[in-house]
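In: Here's a sequence, model it:
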Amino acid sequence: MTRGRPGAPARGTAERALTSVGTAASTARPEDGRRAERERTAPRPREAERREASRLWHVTLSVSGAEAPLKEVRRALEQLAHDHPFLLTSRYANDHAEIRYWEEARDLHDAAAVALRLWGEHRSTAKLPPWEIVGLEVIDRETYHQRVAEGYGPPPASPVGVHPY
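Out: From the prediction side, this is the model:
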């Protein structure tokens, strides 16, 4: 038995069941009854059709700027990896870095938008250098694996972690 308020979704469910509130017969209009009947008999889209599926996107974010001490760059990237647990690997030098990770998003636009905000949103908390984004590549999972299989794409992120160039 689950507890909750009437109409509240059970934990772990994505949608809330809609319920109607009965009206007094004196205030009900005939067209309301016809509309309610149409809604009850109208075919409902399947769950999979209602929800847009999210996909995995491989993101490579390149940043660059004024030179910073290597120890500080490494510490900042390690903090970013801690704050953003899906970070696969980071490579860095004293004036640039490359960050690679997988992002789950509905489409390329959403994945790119998240990637473009990543550096700026974590700049103060991770104490990242004041570098600017100079490159962004977002590819779907199939394209990533196809490139790797053909030998011309980025090699799999190995070893995972923060490494100098």
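In: Quick check: next helix or strand after the helix or strand of the chain with the lowest mean pLDDT?
Out: Using mean pLDDT, DSSP states H and E, helix 47-50 stands out as the lowest-scoring helix or strand of the chain, at a mean of 44. Using DSSP states H and E, the helix or strand that follows helix 47-50 towards the C-terminus is strand 55-64.
In: partners of that next one in the sheet?
Out: Under the criterion DSSP bridges, strand 55-64 sits next to strand 96-105 (antiparallel), strand 132-140 (antiparallel) in its sheet.
In: Buried residues in the helix or strand just after that strand, which are they?
Out: Using DSSP H and E, the helix or strand that directly follows strand 55-64 along the chain is helix 70-83. By neighbour count with 16 or more other CB atoms under 10 Å, helix 70-83 contains the buried residues 73-74, 76-77, 79-81. For every residue, glycine as well, the C-beta is placed using N, CA and C.
In: what's helix 70-83 packed up against?
Out: Using 3 or more CB pairs under 8 Å, 6 or more residues apart in numbering; DSSP states H and E as the contact criterion, the elements in contact with helix 70-83 are strand 87-92, strand 96-105, strand 161-164.
In: Go again with 7 Å.
Out: Contact analysis of helix 70-83 by 3 or more CB pairs under 7 Å, 6 or more residues apart in numbering; DSSP states H and E lists strand 87-92, strand 161-164 as its packing neighbours.
In: Residues touching that helix, excluding its own?
Out: Counting contacts by CB atoms under 7 Å, 6 or more residues apart in numbering, the residues outside helix 70-83 that touch it are 87, 90, 92, 94, 97, 122, 125-129, 162.
In: hmm, try it at 6 Å
Out: Residues outside helix 70-83 that contact it (CB atoms under 6 Å, 6 or more residues apart in numbering): 87, 90, 92, 94, 122, 126-128, 162.
In: Now which of those would you call buried?
Out: Buried members of the contacts of helix 70-83, counted by 16+ other CB under 10 Å: 87, 90, 92, 94, 122, 126, 128, 162.
In: What is the nearest of the residues you listed to Trp57?
Out: For these, the residue nearest Trp57 by CB to CB is Leu87; the value is 14.0 Å.
In: Was I right to think the closest one contacts Arg100?
Out: No. Under the contact definition of CB atoms under 6 Å, Leu87 does not touch Arg100, with a separation of 7.8 Å.
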